[in-house]
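Novice: Everything below, folded, please.
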Amino acid sequence: MSLIVGLDDCSSESDVIVAPSALDFVSQDDMLTPLGRLDKYAASENVFNRQMVARSLLDTLREVCDDERECVAVLERISRLADDSEPTVRAELMEQVPHIALFCQENRPAIPYAFSKYLLPIVVRYLADQNNQVRKTSQAALLALLEQELIERFDVETKVCPVLVDLTAPDSNDDVKTEAVAIMCKMAPMVGKDITERLILPRFCEMCCDCRMFHVRKVCAANFGDICSVVGQQATEEMLLPRFFQLCSDNVWGVRKACAECFMAVSCATCQEIRRTKLSALFINLISDPSRWVRQAAFQSLGPFISTFANPSSSGQYFKEENKSSEDTSVEDKNSSERTRGADAPEDIEARPTGGDSSVHLEEALADGAETPSQLSAPAESSSPHRSSPEPPPDAAGSEEEQEACACRLASQPEADTGAQDSAPLDQEQYNSFHFWRTPLPEIDLDVELEQGSGSEPSPQGLDVEPEVPAPGPASITMATRKELEEMIENLEPHIDDPDVKAQVDVLAAALRASSLDAGDEASEAARRVPQDELPSCRLDHDASGPLISEEVRVPRGGHMFSGGRGAHPGHLVPPFCIKSPRVISDVVPQALLDQYLSMTDPSRAQTVDTEIAKHCAYSLPGVALTLGRQNWHCLRETYETLASDMQWKVRRTLAFSIHELAVILGDQLTAADLVPIFNGFLKDLDEVRIGVLKHLHDFLKLLHIDKRREYLYQLQEFLVTDNSRNWRFRAELAEQLILLLELYSPRDVYDYLRPIALNLCADKVSSVRWISYKLVSEMVRKLHRAAPPTFGADLIQELVESFGRCPRWSGRQAFVFVCQTVIEDDCLPMDQFAVQLMPHLLTLANDRVPNVRVLLAKTLRQTLLEKEHFLTSASCHQEAVEQTIMALQMDRDSDVKYFASTHPASTRISEDALSTASSTY
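Specialist: Numbers count the residues shown, from 1 in each chain. As a prediction, this is how the structure comes out:
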C-alpha cells in the first residue's frame, strides 16, 4: 500500500508522487539485528531517538543475552552513549543502569565483570556531572545499587569512596560537595562499619567543621545519627562527639535544628555516663536556644532522648523484669541522685534566656548573613543576672550547687519536726496545682511565716546528707540586689510584647516589691527565724559567698520562670521546676530533662515554642514512662491527666491510641487507679478519639480485674452510635474487637451483652461490617456450645434461625447462609451437631424465591459442606438430604444456581463471595 500525494490538475500517472509508507520503515527496522538498530538510532541527530535507545537498552540485552560477544558489544555502546552531549539522554541512561546491572548479575556467567567494567564508571563519573538532573539520577542509581548489593566491596573501596572523597575537597563545587557529603552519609549504613571508619569518617569529621558553607554542616548534622549508629560507641565518643558539640553551637539555626532532630540516634551510640553528664547539658542548651525552630525540634526529640536512658534497673520491663521495687531503693541511691540533680541544676538554670524577639532577629540576620547569634542575643543575655555579674570562684559555685540541692529537698520533702497545724498549710501551699503548673502571679502578699517555714525546717531525710548551705541573713536582699532587679526590668521592657519576657518582668517586679517588704520586716523576721541548732541536716555558713542574685531570683531554662531563694514566697517566687516538680525515686533520668518534659504541657509553651508541643509530649509519654519505671509514675501522673483533658482532640487521640501500652508499663494497680478514669472519658469523646481506645479495647480490658472488666459490658453498646452514621469502619473495628473479647467474658456475659451487638452488626448496611460479624457470630457459637450448660449455644442458634433463617428480607436469609458457611469452615460446631441444629433450616432455603440466596446455598453445600469428612464417609439421612437438595438446585431455573450446584469451580469461599453475591454496600 502506498500513500499518494501531490496530485495536480491533469491527474496523469506520470505526475503522481508516491511517498514511502511508515510500514516500510518498520519493516526495514525489523530486518536489522538488535545491534544494528542500536547503532542506527544511537547515531541519530534526533534527541528523542537517542533517548529511546537508552530506554530500550535492557530489551536489547535480553535479545542478545545468549551471545557473550554481542552482550559485550551492547555494553560498549552504552559507554559511548554515556558521552552524549544532551543531559536528558544521560539522565535517561542513568535511570536504566540499576535495571541493567540487575540483569548482568542474573546472567553473570555469560557476561562476567560487566557491571564493574562498563556501568560503574559511568555512575561514578555522573556524580560530578554539570547537569543537576544527571547528578540526581546518578546518586539515586548509586544508592539503589548499594541497597541491592550489586557493587562488590572491592569496587566500593577503590572506585566509589575515593571519588566521593575527592568531590568533598575544599576546591570542589559547592553543590557537588553538599551532594557528595549527603551520599557518603546515606551509603554508610550500606557499606558497613569497616569501610565507613577507614574511608568516610575522616572526611565526614572535616566536613562538620566546614567554616565556609553552612549547607555542608547542615547535611552533616542531619545525618549525624546514621554515622554514629554505623561506627559504634568508641568511634562516636572519640571522634564524633566533639564535632557534634560544635554543630550544636553553630551560628546557623538550621544546623542546630538538625542536631536536635538526630539527638536520639546520637545518644543511642554513647555510653550511659556520657549520655548523662554531657549530652543532657547539651540538650538543655538546645531547648533554651534563641531560635524558636531549634526549640521546637528539641522539644520534639525530648521524649525520645529521655527514652535512651532506659535500663533494666529503671524500666524493669523493656529488657527484663525489674529486680528492685521502689521500696528497695537504697538510701545511698537517693543521696547520689539528689547530689546529681543538685549539680545539674545550675547548668540548666544558667542557660541563656529564650526571648521570642531575639529568635526573630536571629533568623533575619542569618538570612542576610550579617550577625552571629551571640551578637544578636546580647541584649537578652545582658538582662540575666549571671551575665551582668562576675563569675563566682569555684568554691562559691560548688556551694551554690549544694544550696540548690538542699533548697529543693527542704521544699519538696515533708517536714518532720513540726506539728500538724504548722505543716498542713505549708504543704497545701507548696503542692497547690495552680502554682505548680502556671506562671507565678505578679501580685505578692508576702507571708513571713510561710517564708520562714519553707526555708528553715528540716526534712526527715535530711539526716543522710549534709551539704553546706549558706543561709542569707534577715536583710538578704540588699540595695545592690534591688538595683540589679531594676536594671533587669529596664533591659527587658523593650521586649515586653513577648509573653515570656512579660512573665519575666512581672516576676522581677514582684521580687522588687518583696525585697521592700523584707527590708521593712527585718526585725520581726529575725525574731521568727529558726535557730541554727535546729537544722541537723544542713550546716549554715554565713560567710559563704556566691552570686547574690542566684539565691533570690534566677532565670531558668527558657527564661520565662524565676526561682526564689529562701526568702521568697513559696507560692509566687519559687518556680515549679526547681522546688515543686516531682522527684524521681532512683537516679534514672537527669532531673533537668524531666522538668523540661513536664513543662511541655504549660500553655505558654504552645505560644513560644510550638502549637503541637502537647501532641509531641503525648506521643512520647509511654516511652518516658517505661524509662522511669512504674515506681516513678507519680512524676508523670499530673502531666498525663493534663494531656488527657487537652482541648485539642489530636492530643487526646494520641493518648487513646497508646493507653493500652501505658497500662502494660504501669501494671494493674496503677492502671485501675489512674488510667481507668481517663479511659472512661475517652469512651465518651469524639469518634476520632474513641477509635483509639476501640482499636486496642481487648489489650486494655485484659489487664483489668474481672470485676472491673465486667463494668464495660454495659458500655459496649454505645460503640454502635457514632457521630457520623456513614463511619462504617468504626463498626467493623468493633466487630474485630468483640471477637477478641469473647475469651475475657463468661458464657452468660457473652450471651447477655455481646450477642445483641453481634446480631445487630450482622444486619449492618455495609457489607464489610457484615463479613466480620459473620466470623464473630460463628466464634460466639463455638464458645457457647463448649460452655458447661449448652443452653446458651442452643438459644443462640435458635435466635439465628428465627432472626435470619426466616427473615422476610432476602439479605437476612443470605446472612444466615453466610453464618452457616463460616461455622462449617472454622469447625465451630461438630458436624453431627450442625446436621441436627442448623442444616435442616439451611436446606429449606433451596426453595427461596431470591436467586442470590440459592446461589450462595449451592456454593456452601458443594464447596464447603461436602468437603467435610463427616459427609464423605458416613451414609446417613443427613447426607441423603444434602444430595437431594443439590439435585434440586441442579435443576433450578436460574443458570448461576445450576452452575454452582453442578460443578466444583475453583473459587474461594466467603472472602470472594463478598463481592460476587453481596447486597449493595450502603
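Novice: Which helix or strand contains Pro304?
Specialist: helix 292-307 (DSSP states H and E).
Novice: Which other helices and strands does that helix contact?
Specialist: helix 253-261, helix 263-268, helix 280-287, helix 356-368, helix 591-598, helix 603-608, helix 613-628 (3 or more C-beta pairs under 8 Å, 6 or more residues apart in numbering; DSSP states H and E). Any C-beta I mention is one placed from the backbone N, CA and C, and that applies to glycine too.
Novice: and the angle from that helix to helix 613-628?
Specialist: 20 degrees (axes from the mean of the first three to the mean of the last three C-alpha atoms, to 10 degrees).
Novice: Dump the helices and strands packed on helix 292-307 into TSV; add distance to Thr791 and mean neighbour count as well.
Specialist: What follows is those, written out as TSV (distance: least, C-beta to C-beta, whole Å; neighbours: other C-beta atoms under 10 Å):
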stretch	distance to Thr791	mean neighbour count
helix 253-261	62	24
helix 263-268	58	22
helix 280-287	64	22
helix 356-368	71	17
helix 591-598	56	24
helix 603-608	58	17
helix 613-628	44	24
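Novice: May I see those organised as a markdown table, with distance to Glu70 added?
Specialist: A markdown table is the format used below for the helices and strands packed on helix 292-307 (distance: least, C-beta to C-beta, whole Å):
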| stretch | distance to Glu70 |
| --- | --- |
| helix 253-261 | 50 |
| helix 263-268 | 49 |
| helix 280-287 | 61 |
| helix 356-368 | 58 |
| helix 591-598 | 66 |
| helix 603-608 | 68 |
| helix 613-628 | 58 |
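Novice: worst average pLDDT in the ones you listed?
Specialist: Mean pLDDT values for the helices and strands packed on helix 292-307 show the minimum at helix 356-368, a mean of 38.
Novice: how much space between Gly225 and Ala258?
Specialist: Look at Gly225 and Ala258: by C-beta to C-beta, to the nearest Å, they are 10 Å apart.
Novice: my guess is Gly303 contacts His616, does it?
Specialist: Yes - taking contacts as C-beta atoms under 8 Å, Gly303 lies within contact range of His616: 6.9 Å.
Novice: With just CA atoms, put stretch 722-741 into PDB.
Specialist: Extracted in PDB, the C-alpha atoms of stretch 722-741 (Å, rounded to 0.1, in the frame of the first residue of the first chain):
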ATOM      1  CA  THR A 722     -21.200   7.300  66.100                       C
ATOM      2  CA  ASP A 723     -21.100  11.000  65.200                       C
ATOM      3  CA  ASN A 724     -21.300  10.100  61.600                       C
ATOM      4  CA  SER A 725     -23.600   7.100  60.700                       C
ATOM      5  CA  ARG A 726     -21.500   6.500  57.500                       C
ATOM      6  CA  ASN A 727     -18.500   5.800  59.600                       C
ATOM      7  CA  TRP A 728     -18.800   2.100  58.900                       C
ATOM      8  CA  ARG A 729     -15.100   1.400  59.700                       C
ATOM      9  CA  PHE A 730     -15.900   2.100  63.400                       C
ATOM     10  CA  ARG A 731     -18.400  -0.700  63.500                       C
ATOM     11  CA  ALA A 732     -16.100  -3.000  61.600                       C
ATOM     12  CA  GLU A 733     -13.400  -2.400  64.200                       C
ATOM     13  CA  LEU A 734     -15.900  -3.100  66.900                       C
ATOM     14  CA  ALA A 735     -16.700  -6.500  65.400                       C
ATOM     15  CA  GLU A 736     -13.000  -7.300  65.300                       C
ATOM     16  CA  GLN A 737     -12.500  -6.400  68.900                       C
ATOM     17  CA  LEU A 738     -15.600  -8.400  70.000                       C
ATOM     18  CA  ILE A 739     -14.100 -11.500  68.600                       C
ATOM     19  CA  LEU A 740     -11.100 -11.000  70.900                       C
ATOM     20  CA  LEU A 741     -13.200 -10.100  73.800                       C
END
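Novice: Tell me which residues of that stretch come out buried.
Specialist: By neighbour count on 16 or more other C-beta atoms under 10 Å, the buried set for stretch 722-741 is 722, 728, 730-739, 741.
Novice: Just the endpoints, please. Distance across stretch 59-70?
Specialist: End-to-end distance for stretch 59-70, by C-alpha to C-alpha, to the nearest Å: 13 Å.
Novice: Same question for stretch 620-634.
Specialist: Span of stretch 620-634 from end to end, C-alpha to C-alpha: 17 Å.
Novice: what about Arg849, which SS state?
Specialist: At Arg849 the chain is in coil, as set by DSSP: H, G, I helix; E, B strand; the rest coil.
Novice: For it, give me its contacts.
Specialist: Trp810 (C-beta atoms under 8 Å, 6 or more residues apart in numbering).
Novice: pLDDT score for it?
Specialist: 92.
Novice: again with the one 5 residues further on
Specialist: pLDDT, Arg854: 93.
Novice: which one is it nearest to, not counting chain neighbours?
Specialist: Val897 (4.7 Å; C-beta to C-beta, 6 or more residues apart in numbering).
Novice: That neighbour and Phe804: what is the separation?
Specialist: Per C-beta to C-beta, Val897 is found 20 Å from Phe804.
Novice: In CSV, could you pull the C-alpha coordinates for the helix or strand in which the residue nearest to Arg854 is found?
Specialist: Using DSSP H and E, the element containing Val897 is helix 895-902. The C-alpha trace of helix 895-902 is given here as CSV (Å, rounded to 0.1, in the frame of the first residue of the first chain):
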residue,chain,number,x,y,z
SER,A,895,-28.4,-20.7,35.3
ASP,A,896,-26.0,-19.5,38.1
VAL,A,897,-27.6,-21.8,40.6
LYS,A,898,-27.4,-24.7,38.2
TYR,A,899,-23.7,-23.9,37.6
PHE,A,900,-22.6,-23.8,41.2
ALA,A,901,-24.7,-26.8,42.1
SER,A,902,-23.5,-29.0,39.2
